[in-house]
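*Asks:* Build me a model:
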Amino acid sequence: MTTRIDARFAELKKQGRSAFITFVMAGDPDPITSLEIIKALPGAGSDLIEVGMPFTDPMADGPSIQAAGLRALKAGMTLKKTLAVVREFRKGDDATPLVLMGYYNPIYIYGVDQFLVDAKAAGVDGLIVVDLPPEEDSELCLPAMKAGLNFIRLATPTTDDRRLPAVLANTSGFVYYVSVTGITGSAGADSAAVAQAVARIKRHTKLPICVGFGIRTPEAARAIAANADGAVVGSALVEALRRSLDADGKAGAKTVDAVAGLAASLAMGVRGAKLVAE
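*Replies:* Below is the predicted model:
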């Protein structure tokens, strides 16, 4: 069964270019603005969108994404409402792949079987659940695959050749390579080290390798995309959103454009386009 993720990477391969993948937090700064941002991303050049599931204890996330999750929770965001956002997005876009990213706890509380039924019906294509190791595949990974969703795993600089086969065993869609050791939004990605890591992982899998963490500028995105099948940007977009908010943390007239505008310039970087001086 071909998912939207598989179809998109096949299409990009034909075009001979890497994917530009964006991450935004569902419900940040409020559910309505969040939906407008997600709707604007494909037009800004996003090939695939990761949608964060807000959680109270996001241990792998840096300050920017943690703050985004807290803003979303404060605005009343839930996993059920996150799926509603996906459903609404799908009314106008049936092609852009959507991946839910976050932690297992909200899914466990929702109920795995029900969540998978609802996620598939809403139009979710894949899951990235950062705190479920391969040893726990029976919890969510295998049922998700059975439900027709891609289960995307993270590999890190500390994932050695002994560990890689376990990480890759039930992975589908793509492999998410975390380019820096530590939390999101911390250090910048080193493109030479990333190129070596991507080449090493490619010896173990035919899946696309996409690189995230530490990509903030079009130049950095271009350097990463030159050696990977995709570049993922999250913290920089979340920060652009935060800077657009008013003193009360509410969305302003420029909030959607702030995120979409940065996404557009990063997309040009990924595509290797010559950047026009602003």
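
*Asks:* Look up which helix or strand the residue most central in space within the chain falls in, please.
*Replies:* Nearest to the geometric centre of the chain sits residue 50, at 3.0 Å (C-alpha atoms, centre = their mean). Using DSSP states H and E, residue 50 sits within strand 48-52.

*Asks:* pLDDT of that strand, averaged?
*Replies:* Averaged over strand 48-52, pLDDT sits at 98.

*Asks:* That strand: partners in the sheet, and parallel or antiparallel?
*Replies:* strand 19-25 (parallel), strand 98-102 (parallel) (DSSP bridges).

*Asks:* Show the low-confidence segments of this structure, by residue range.
*Replies:* 181-189, 273-278 (pLDDT under 70).

*Asks:* repeat that with 50
*Replies:* 273-278 (pLDDT under 50).

*Asks:* What ranges does it have for its strands?
*Replies:* With DSSP state E as the criterion, the chain has strands at 19-25, 48-52, 98-102, 126-129, 150-151, 153-155, 175-178, 209-212, 230-233.

*Asks:* who touches the last one?
*Replies:* This points to strand 230-233. 9, 18-23, 47-48, 50, 174, 176, 208-213, 215-216, 221, 224-225, 263, 266, 270 (C-beta atoms under 8 Å, 6 or more residues apart in numbering). From N, CA and C alone the C-beta is placed, and that goes for glycine too.

*Asks:* before we move on, what about the third one?
*Replies:* Taking C-beta under 8 Å, 6+ apart as the criterion, the residues outside strand 98-102 that touch it are 4-5, 23, 48-55, 58, 82, 86, 89, 119, 123-130, 150, 152, 173.

*Asks:* What of the fifth one?
*Replies:* Counting by C-beta under 8 Å, 6+ apart, the neighbours of strand 150-151 from elsewhere in the structure are 3, 5-6, 99, 125-127, 129, 140-141, 144-145, 170-174.

*Asks:* What strands line up against it, and which way round?
*Replies:* Using DSSP bridges, strand 150-151 pairs in its sheet with strand 126-129 (parallel).

*Asks:* Return the distance of the partner strand from the chain's centre.
*Replies:* Relative to the centre of its chain, strand 126-129 is centred 9 Å away, using C-alpha atoms, centre = their mean, to the nearest Å.

*Asks:* Just the CA trace of that strand, in CSV.
*Replies:* The C-alpha coordinates for strand 126-129 follow below in CSV (Å, rounded to 0.1, in the frame of the first residue of the first chain):
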residue,chain,number,x,y,z
GLY,A,126,2.4,8.9,9.5
LEU,A,127,3.5,9.1,13.1
ILE,A,128,6.8,10.1,14.8
VAL,A,129,6.6,9.1,18.5
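
*Asks:* Distance-wise, check residue 32 relative to residue 22.
*Replies:* To residue 22, residue 32 is 19 Å away according to C-beta to C-beta, to the nearest Å.

*Asks:* Pick out whichever of these two has more residues nearby.
*Replies:* A count of neighbours by other C-beta atoms under 10 Å puts residue 22 above the other of residue 32 and residue 22, at 28 against 13.

*Asks:* got the contact list for the more buried one?
*Replies:* Residue 22 sits next to 41, 46, 48-50, 232-234, 237, 263, 266 when contact means C-beta under 8 Å, 6+ apart.

*Asks:* Same question for residue 43.
*Replies:* residue 260.

*Asks:* which one is residue 26 nearest to, not counting chain neighbours?
*Replies:* Spatially, and ignoring its direct neighbours in sequence, residue 26 is nearest to residue 82 (4.1 Å; C-beta to C-beta, 6 or more residues apart in numbering).

*Asks:* show me what contacts residue 88?
*Replies:* Residue 88 makes contacts with residue 35, as judged by C-beta under 8 Å, 6+ apart.

*Asks:* you'd agree residue 72 is up against residue 26?
*Replies:* Yes - with contacts counted by C-beta atoms under 8 Å, residue 72 reaches residue 26, the gap being 6.3 Å.
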